[in-house]
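J.: structure here, sequence nowhere to be found:
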């Protein structure tokens, strides 16, 4: 992993954080407090950084997209707040999740409020035609995200849903929005259709790499580093890519072992241990990691025609290499 | 109550329903199914009708605002879907609520999906500058709505929060969006600022009349007519306007009776009966009904400068007179 290529080095991050603060308010109501608590300390800010860097890659400036990029982060964090209600996850970014800290009703409303603060930021500034175009692209991606979340509830406990289904869910849940963040940044900076469409594809492939890695983290990286609960996916009987790759490759004994876990009832710690042993034995962890690298490679090829895409190339590499 | 003045007579309703269908999809995924189930059979469609009639009142046409109006309805219904999760209401519009029918996680995602379908519809069609202005006004109202919902969770069980607080919550929860629906319709139809600002105030006062009546319904109208559970507010210990008016006017015995209910633990049916007896004895029901009429009167005065506002005047009257 190249440390120099993590988003934390981006110079736009302090600007983004200031913009996020400005967009959500000063915390003088319970709604604003809960939103601020969900946003700060901020995470990787991957999506807004992609938006800013995409604008720059086509000759634009951070200023042109800062409000929009902050809006995308609000919308992403809103989805995390709701996702933690659904998964009953008590921990996010190493701290109590909004639902854990404020209660279910309050977290639900905080997610809605953050989502509307995000939409307001998308519509905040810039030439009307460009803003509308970029907002439409982003809102379409958010609708895909909801499709992905719903599809995810449908495949709970289903080890036979197949790798293509899980890849579709990842595309909808994650890659659609990373793609839109890049495309919207380019649109706001005045890019030609050929450019902003290439950046959308770049963002989608990067998003796939990122999400494949995300699903590997519970099996490769300590909770204290990820800031999330490693047992969450198995506790929620969520079949993820490595699990389905293992199920495809497993012998009958290991298939039965996975099936026993995904029938539910196993305590999460034993379940996680059992799954990890099968993932290792079948080579699923290595295979998934290779898929992430391949997606990052595809992302790189989309950058060919752009004037200045060094930073975007680094971001794609780091998405496939991430350990947290 | 004037039957002729109910929104059900509006000629734009079939057009709105067709537009809603078009906006949400054909129901070939669980997300679309859950959204369609929440939208249809449709309710009063008050907010989109206000949007369309406001456009007409300033010389515009239904065509100019149909997509936007459908978007506002999606956003309103999304808030109902989430509200029923918060209040654990099993019934809405005489049918199982989305949470009851599909489960909590699914209802949460359906609300989010409907909300994004709504935003997409707001941004759907029309001259870019007008669309952006109308969308900004509407999204601001939706942020107020979230503030209202959060404030409502804070005053649960608090009989001493005061009438002004409850009126503020109503303004945020209901009147902000009815006001925005009217203002946005007028903006999309090209109204002058003086006109669309008057229509916003009209819509806000109408919204207050409507919500005051809404809080009276559990005490004046049968569940089979309202399609909602009359005991929901007391079961959730939600101090509503009539309850606070009663608390202000009550003698010590009746105050203690209300306080006993709002400490929780009383079964909902007895609680509702006890509250109703105090509301009747203190004249709170009559006083609240008079406040609704007064808000409707204020709404009427805002229509003075408009070329054709007959239908809007009828809608304000019917909001204050509604029995369901």
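T.: Nice, thanks for sending it over. Fair warning: this is a prediction, and the values are worked out from it, not measured in the lab. Numbers count the residues shown, from 1 in each chain, chains lettered A, B, ... in the order given.

J.: which residues touch the spatially most central residue of chain A?
T.: Taking C-alpha atoms, centre = their mean, the centroid of chain A lies closest to residue A:174, which sits 4.8 Å from it. Shown in contact with residue A:174 (C-beta atoms under 8 Å, 6 or more residues apart in numbering or on different chains): A:145, A:148, A:207-208, A:210-211, A:214. C-beta coordinates here come from the backbone N, C-alpha and C atoms, glycine included.

J.: include secondary structure, distance to chain B and neighbour count when you put these into CSV, please.
T.: What follows is those, written out as CSV (DSSP: H, G, I helix; E, B strand; the rest coil; distance: C-beta to the nearest C-beta, whole Å; neighbours: other C-beta atoms under 10 Å in any protein chain shown):
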residue, secondary structure, distance to chain B, neighbour count
A:145, helix, 8, 25
A:148, helix, 9, 22
A:207, helix, 18, 29
A:208, helix, 21, 27
A:210, helix, 21, 26
A:211, helix, 18, 24
A:214, helix, 19, 19
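
J.: hang on, the earlier thing: separation between the residue nearest to the centre of chain A and residue B:215?
T.: 42 Å (C-beta to C-beta, to the nearest Å).

J.: could you check how far residue A:210 is from residue A:128?
T.: Distance of residue A:210 to residue A:128, given as C-beta to C-beta: 32 Å.

J.: got a pLDDT number for the residue in the stretch 151-300 of chain A positioned nearest to chain B?
T.: Nearest residue of the stretch 151-300 of chain A to chain B (C-beta to the nearest C-beta) works out as residue A:153 at 5.3 Å. Per-residue confidence (pLDDT) for residue A:153: 93.

J.: now residue A:314
T.: pLDDT, read off for residue A:314, is 96.

J.: how would you label it: helix, strand or coil?
T.: At residue A:314, secondary structure determined by DSSP: H, G, I helix; E, B strand; the rest coil is helix.

J.: can you report how many residues lie near it?
T.: 18 (other C-beta atoms under 10 Å in any protein chain shown).

J.: what's the answer for residue A:253, then?
T.: Residues near residue A:253, counting by other C-beta under 10 Å, number 9.

J.: what helix or strand is it located in?
T.: helix A:252-262 (DSSP states H and E).

J.: ok, residues contacting that helix?
T.: Residues contacting helix A:252-262 (C-beta under 8 Å, 6+ apart): A:157-159, A:234, A:237, A:239, A:243, A:246-247, A:250, A:266, A:271, A:274-275, A:277-278, A:281-282.

J.: swap in stretch A:41-53?
T.: Under the contact criterion C-beta under 8 Å, 6+ apart, stretch A:41-53 has outside partners A:6-8, A:10, A:12-13, A:16-17, A:20, A:62, A:65-66, A:68-70, A:72-73, A:76-77, A:93, A:177-178, A:181-182, A:184-185, A:203, A:206, A:210, A:311-312, A:315, A:319.

J.: return the set of buried residues in that stretch.
T.: A:43-53 (16 or more other C-beta atoms under 10 Å in any protein chain shown).

J.: next one: stretch A:53-69
T.: Using 16+ other C-beta under 10 Å as the test for burial, stretch A:53-69 gives A:53-58, A:60, A:62, A:64-69.

J.: surely residue A:266 and residue A:274 touch.
T.: Yes - between residue A:266 and residue A:274 there is a contact under C-beta atoms under 8 Å: 7.2 Å.

J.: residues near residue A:263, how many?
T.: Using other C-beta under 10 Å, residue A:263 is surrounded by 11 other residues.

J.: with residue A:105 instead?
T.: Look at residue A:105: counted by other C-beta under 10 Å, it has 22 neighbours.

J.: same check on residue A:134?
T.: By other C-beta under 10 Å, 28 other residues sit near residue A:134.

J.: repeat that for residue A:307.
T.: Residue A:307 has 9 neighbouring residues, counting by other C-beta under 10 Å.

J.: quick revisit: excluding chain neighbours, what is closest to the residue of the stretch 151-300 of chain A closest to chain B?
T.: Distances taken as C-beta to C-beta, 6 or more residues apart in numbering or on different chains put residue B:105 closest to residue A:153, at 5.3 Å, once the chain neighbours are dropped.

J.: pull the distance from the helix or strand hosting that neighbour to the chain's centre.
T.: Taking DSSP H and E as the definition, residue B:105 sits inside helix B:104-122. Distance of helix B:104-122 from the chain centroid (C-alpha atoms, centre = their mean, to the nearest Å) equals 17 Å.

J.: interface residues of the stretch 1-150 of chain A facing chain B?
T.: Residues of the stretch 1-150 of chain A found near chain B (C-beta under 8 Å from any C-beta of the partner chain) are A:29-31, A:34, A:79, A:82, A:85-86, A:103-106, A:108-113, A:115-117, A:119-120, A:123, A:128-129, A:131-132, A:135-136, A:139-140, A:142-143, A:146-147, A:149-150.

J.: which elements pack onto the helix or strand that contains residue A:143?
T.: Residue A:143 belongs to helix A:128-154 when assigned by DSSP H and E. Counting by 3 or more C-beta pairs under 8 Å, 6 or more residues apart in numbering or on different chains; DSSP states H and E, the packing neighbours recorded for helix A:128-154 are helix A:66-86, helix A:104-122, helix A:163-170, helix A:176-188, helix B:30-39, helix B:104-122, helix B:128-154.

J.: can you give the contact residues for the third one?
T.: So that's helix A:163-170. A:148, A:151-152, A:155, A:207-208, A:211-212, A:215, A:239-241, A:244-245, A:248.

J.: can I have the buried ones of these as a PyMOL selection?
T.: To isolate the buried ones among the contacts of helix A:163-170 in PyMOL, judged by 16+ other C-beta under 10 Å, type:
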select buried, chain A and resi 148+151+152+155+207+208+211+212+215+239+240+241+244+245
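
J.: the contacts of helix A:163-170: which two are farthest apart?
T.: Spanning the widest gap among those are A:207 and A:248, at 23.2 Å by C-beta to C-beta.

J.: mind giving me the packing neighbours of the helix-or-strand element of chain A with minimal mean pLDDT?
T.: Ranking every helix and strand in chain A by mean pLDDT, DSSP states H and E puts helix A:223-226 at the bottom, with a mean of 75. If contacts are counted by 3+ C-beta pairs under 8 Å, 6+ apart, helix A:223-226 sits against no helix or strand.

J.: and the residue nearest to residue A:104 when sequence neighbours are not counted, how far is that from residue B:201?
T.: Of all residues not flanking residue A:104 in the chain, residue A:85 sits nearest, at 6.0 Å (C-beta to C-beta, 6+ apart). In this view, residue A:85 and residue B:201 are 37 Å apart by C-beta to C-beta.

J.: before we move on, what about residue A:299?
T.: Going from residue A:299 to residue B:201 by C-beta to C-beta gives 51 Å.

J.: kindly report the same for residue A:164.
T.: Distance from residue A:164 to residue B:201, by C-beta to C-beta: 54 Å.

J.: do residue A:158 as well
T.: 53 Å.
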